[in-house]
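Peer 1: Model the following, please.
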Amino acid sequence: MEQIAQLAGACRVATPHDAVANSECVYTFHSPHTTDKGILVNLSTFVGSIDALAFTEVDAPSALFVRIVKRRVAKAQTDGEDNNMEVEAATKLGVGVEGGFQFDADKFDTVSAHSIVLLGKGYENKPVVLVELPYNEESKSSFPTMVAQSADAIIHHAGLAVQQDLSAWELDDEPKPVSKYAEGLPFVENGVKVSPNPSDWKCEKSGDAENLWLNLSDGFIGGGRKNWDGSGGSNGALDHFTETGEKYPLVVKLGTITEDVSIADCYSYAKDEDGPVKIPNLKELLEKRGIMVAGMQKTVKSTAELEVELNAAYAFDAITEKGAHLVPVAGPGLHGLQNLGNSCYMNSVAQMLFGGTVPELAARYGAKEGVASNPLLKVAPTKAPDDLLCQATKLSSALTSGAFCGPVPKSAEVSDASTSDPKHRLAPRMFKHVVGHDHVDFRTGQQQDAAQYFQYLLEKMDRAELGAGDRLKSKDGSGPALLSSHLFSYKTESRLVCSADSMIKYKESPAETMLSLRIPMSKATLPDEESPDLKRQKSEEPGDEDKEKKEVPTVTFDACLDEWNAATTVDDYRWPHLQNSVSPATSQTRFVNFPRYLLVHMQRYELGDDWQPKKIEVDIDVPEEISLQNYKGTGPQEGEKLVPEEAESNEASAAPVPAAPAVDEAALGQLMDMGFNMNGCKRALMAVGGSNVEAAMNWVFEHNGDPDFSDPLPEGGAAAPAAAASGSDVDEGVVMSLVENLGCFTADQVRAAVKHCDGAADRAADWLFSHMDDLDGAIAALESASAAPGASAPKPTTPLEDGDGKYNLVGLISHIGKNTGSGHYVAHLKKDGKWVIFNDEKVALSEHPPIKHAYMYLFQRSDTVGAPHAEY
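Peer 2: Below you'll find the predicted structure:
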């Protein structure tokens, strides 16, 4: 105890605003449930980890921790209950109520054990336990006051997991209003004082000691309202409000009151408010009842925190009677991910990238010799939760090792005790947070587009890998390692033929990581009505089960590629070798290289008559083996007349010859607000004079089926809007459109971001949001870098991979729903030659992978199968 007392001064008492990792190790998915050692939480930094990684600070000889261990024990069966009795199917859409789904809490109790641990350095600076003493109600008084207060605050804290979920939850919710009853609230002088001891608090109606609310007018303590699932309080506080003539509407939840009264859980029962509220004069009202907030600690969970947990525990999958015939599997590369609330888009992409389907990423981020062995985990504990490389390693190590897998479930349909055991569940909260916390969409709890998330994740990983320094070097240590995006990167070549003199110009695109294909419905065919295996698709509208099923057309994958590769006419293209005169051009796009992995995105959604995106009901006939050799660019050929290089080099400095009016930015913004993409809107406005919105809309309706409607505008073409002042190299149309649509950045800030992102509007928007903490500083850094000597020189790049263009289908992500921002995502991945479905936590062998219905397809180049890239 003397050694512990010496370090008591370093202990801190966690406030509700502090991030406390008390439910999961920041480096691995170990939790208080996984082993008999649980996790250790530092009493100073509040970071939780396993013993082996808990103590990595170089200059500290020792530190204090609280060990948290939890285990589930089955509740004793009451008389008349039979353990072998078959569970009846739910008949009500509810949880914890008769006829509804049952919570684990109805079947299991959680037993917790705590101890105070003094950790020091042993051989080779490895952590070693110097002292460990049990910590409970009986032993608490024997510890120094600061140690006990720190441990209690950590044990009772909502925790980082709930905080991150709550943050996403609150982003989707309306802010709490200030109650209009707070200022003139009646106060009953009845002498009631509230005891400072929480053990004295009880509902004055039922005697319950949990979920208690204090009426701020008369000091009545009553139980809270029932939750939507039938659980919760006794309704004592609400009943009291009704019985007293609805004169005293404001209550506060006991146990949520701290020195920062703004975070206390307050509620108004008034019929015109009836919801959570803010009470500015709460401190004064509490003092009248003898409650002095100074020094008070939060001891219970707020309503919002309980709501988050309630929704996380709800068995959504049990509602859908899917997969009864599927065979569940578990093991390395076969572990599901918990849905955190509309996070299936992230789960599907994470399984595809980090679960072993891409062996190079599994080699870089996966387990080496156990889930704690990867060198990328070597980062300070306080930085680990916000380090993308660390969290990617944590996720991939868990998925590829199978270390947290439980017994194989008996059924892929019904969850049993093993599938709900917290020791076997992987909840990728820290990964979701570190990737999306600075993105306007991915930080929320709303459904998002998996394709957009894939691209954003790769870009974010590139930035993290470039800044990794010595943590991530090439295999020979001579320089930085290859970026993860290199595995997916390809370039395209555009071959432009001038109609005036048949001279040819070749133009190479920047590297891309996803091939997005339009679906040419003009080439669709209907199935043979006589075919015995006629494929029909049900409508996704609820209640449409009995409606007549309609035939679904089919488009071949080759037809989609042909549409992408087809020659298109670009009207009014400006040719530098013709003194910038305008002449139509014929353009055709082909691959410059074939990447190791090709991610194909099918454009299954279009704008409907109601201006809302709708799903195109079509099957895509995709073979599991494809060849793209016919789509490979050849570059300049002998006998071709090429646009002179001198004209190409002078193109940027040539005097502009206006061939069409400039685009009016307000008109462009109006069209884009209607749901049309930027390129199409620009083409429309240029065709009708630049500013007539009504005429441009008519042009859109006539031309939105054109093959090049959504394509980027040609360089220097007449359909392009006026560019910025000379030397800026930034499209001012893009700048002004972002300024209008984002609404929180200046034109100068947007212009800097667009220039940094090579004109890509979506990347520029992501860059702006990801640097909001110090945007001016980030822009200054960009300008400083561009002004530095040699800054204009091209950055050294690693040559992109290339091969023979033959590919095997190894993964797909399917989407169920009307648009990408709703519905549900499921991944199917090929494991050892067999298709496996990853439906969040449910993993099973797939009998009929929905290849025809997928939204994203992952192909691996055939010559790389079984031969992973050695640099990863």
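Peer 1: May I have the beta-bridge partners of the closest residue to residue 251 other than its chain neighbours?
Peer 2: Once flanking residues are discounted, residue 251 sits nearest to residue 213: 4.2 Å by C-beta to C-beta, 6 or more residues apart in numbering. To be clear about C-beta, it is placed using only N, CA and C from the backbone, and glycine gets the same treatment. The bridge-partner assignment for residue 213, based on DSSP bridges, gives residue 222, residue 253.
Peer 1: Quick check: residue 213 touching residue 224?
Peer 2: Yes. Counting by C-beta atoms under 8 Å, residue 224 is a contact partner of residue 213 at 5.4 Å.
Peer 1: quick revisit: give the full set of residues in contact with the residue nearest to residue 251.
Peer 2: Applying C-beta atoms under 8 Å, 6 or more residues apart in numbering to residue 213 gives the contacts 221-224, 233, 237, 251-254, 267.
Peer 1: Could I have the buried ones of these as ChimeraX selection syntax?
Peer 2: Remark: buried members of the contacts of residue 213, expressed as a ChimeraX selection using 16 or more other C-beta atoms under 10 Å:
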select :221,222,223,224,233,237,251,252,253,254,267
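Peer 1: neighbours of the closest residue to residue 554 other than its chain neighbours, just the number please.
Peer 2: Of all residues beyond its chain neighbours, the one nearest residue 554 is residue 619 (4.5 Å), with distances taken as C-beta to C-beta, 6+ apart. Around residue 619 there are 19 other residues, counting by other C-beta atoms under 10 Å.
Peer 1: Name the SS class of the nearest residue to residue 73 once chain neighbours are set aside, please.
Peer 2: Excluding its sequence neighbours, the residue lying closest to residue 73 (C-beta to C-beta, 6+ apart) is residue 109, at 5.3 Å. Here residue 109 is recorded as strand under DSSP: H, G, I helix; E, B strand; the rest coil.
Peer 1: what separates residue 109 from residue 76, distance-wise?
Peer 2: According to C-beta to C-beta, to the nearest Å, residue 109 stands 9 Å off from residue 76.
Peer 1: Which residue in the contacts of residue 213 has the weakest pLDDT?
Peer 2: When those are sorted by pLDDT, the bottom entry is residue 233 at 76.
Peer 1: Quick check: that one vs residue 222, distance?
Peer 2: Taking C-beta to C-beta as the measure, residue 233 falls 8 Å from residue 222.
Peer 1: shared neighbours, these two?
Peer 2: Residues touching both residue 233 and residue 222 by C-beta under 8 Å, 6+ apart: 203, 212-213.
Peer 1: Put together TSV for these, with distance to residue 844 and pLDDT on each row.
Peer 2: Converted to TSV, these look like this (distance: C-beta to C-beta, whole Å; pLDDT from 0 to 100):
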residue	distance to residue 844	pLDDT
203	46	93
212	45	93
213	45	94
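Peer 1: quick one: low-confidence ranges for the stretch 51-200 of the chain?
Peer 2: Applying pLDDT under 70 to the stretch 51-200 of the chain flags the ranges 56-59, 77-106, 160-174.
Peer 1: Strands of that one, start to end?
Peer 2: Here the stretch 51-200 of the chain has its strands, by DSSP state E, counting those that start in this stretch, at 62-74, 108-121, 127-134.
Peer 1: so which of those strands comes closest to residue 357?
Peer 2: Nearest of the strands of the stretch 51-200 of the chain to residue 357, taken as C-beta to C-beta: strand 62-74 at 32.4 Å.
Peer 1: Show me what the closest one pairs with in its sheet, parallel or antiparallel.
Peer 2: strand 39-42 (antiparallel), strand 108-121 (antiparallel).
Peer 1: next one: it to chain centre, how far?
Peer 2: With C-alpha atoms, centre = their mean, to the nearest Å as the basis, strand 62-74 stands 30 Å off its chain's centre.
Peer 1: Kindly format the C-alpha coordinates of it as CSV.
Peer 2: The C-alpha atoms that make up strand 62-74 are tabulated as CSV, following Å, rounded to 0.1, in the frame of the first residue of the first chain:
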residue,chain,number,x,y,z
SER,A,62,5.8,2.7,-12.7
ALA,A,63,2.1,3.6,-12.9
LEU,A,64,-1.2,2.8,-11.2
PHE,A,65,-4.1,1.1,-13.0
VAL,A,66,-7.5,-0.3,-12.1
ARG,A,67,-8.1,-3.8,-13.5
ILE,A,68,-11.7,-4.5,-14.7
VAL,A,69,-12.8,-8.1,-15.2
LYS,A,70,-16.3,-9.2,-16.1
ARG,A,71,-17.9,-12.5,-16.8
ARG,A,72,-21.4,-13.6,-17.7
VAL,A,73,-23.3,-16.1,-15.6
ALA,A,74,-26.6,-17.7,-16.5
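Peer 1: part of a helix, is residue 682?
Peer 2: Yes. Under three-state DSSP, residue 682 sits within a helix.
Peer 1: hmm, back to that, which residues do residue 213 and residue 224 both contact?
Peer 2: Taking C-beta under 8 Å, 6+ apart as the criterion, residue 213 and residue 224 both touch 233, 237, 253.
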